[in-house]
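Q: Let's see this in three dimensions:
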Amino acid sequence: MLEGIDPKTLRTGLIVAAIAYLLLPYDLIPDFLGLPGRADDLAWMALLAWFYRDHLRKHSASRAGNPDAKTRSGASRAAGADADRRRPGRFDPREVLGVGASASSDEIRTAYRARMQEYHPDKVAHLGDELQQLAHEKAQEIQRAYRLLRP
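A: Numbers count the residues shown, from 1 in each chain. Here you go, the predicted structure:
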């Protein structure tokens, strides 16, 4: 029903709905009854919060389970890492290494070695300075991801 809605848009809509329910005189239990009258308001707020968290969890799971995300090429993975670099606080070590959430330590090590072969500074020494700098940054990002994930 609401699977295609962006979580930020849904959050805004739910906040507007919550404020409208609080301010409008139409309630299940009238507000003039005091504390019992506010109980339904609190129940609706809790229901809206639960609905949003459930939608956010499903939205995150559907994005993580995207088959295209698991088989992306190196170029698109690099583009995704660049996008994460522009958004501070969005560092996902599993995405950097290209492993799933249930990856074993051997799979993590294999992915780390494969990614380092692509971006190791010795492998790109013959390229221009800009590409060498980019490879250096990417190698540091891969090493950081591996340090966070290794057992």
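
Q: all helices for the protein, in order.
A: When secondary structure is read from DSSP state H, the chain shows helices at 7-23, 35-64, 67-70, 74-86, 93-97, 105-119, 129-149.

Q: quick one, which of those helices is packed in tightest?
A: Most buried of the helices of the chain, by mean neighbour count (mean count of other C-beta atoms under 10 Å): helix 93-97, with a mean of 20. Placement of C-beta: from N, CA and C, glycine included.

Q: sorry, back to before: any chance of the helices of the chain in CSV, plus mean pLDDT?
A: Formatted as CSV, these follow (pLDDT from 0 to 100):
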stretch, mean pLDDT
helix 7-23, 80
helix 35-64, 74
helix 67-70, 38
helix 74-86, 45
helix 93-97, 88
helix 105-119, 89
helix 129-149, 89
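
Q: check contacts around the closest residue to residue 96 other than its chain neighbours.
A: Distances taken as C-beta to C-beta, 6 or more residues apart in numbering place residue 145 nearest to residue 96, at 4.0 Å, with adjacent residues excluded. Residue 145 makes contact with 91, 93-94, 96-97, 112, according to C-beta atoms under 8 Å, 6 or more residues apart in numbering.

Q: would you list those in TSV and tack on distance to residue 41?
A: What follows is the contacts of residue 145, written out as TSV (distance: C-beta to C-beta, whole Å):
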residue	distance to residue 41
91	39
93	42
94	41
96	44
97	47
112	52
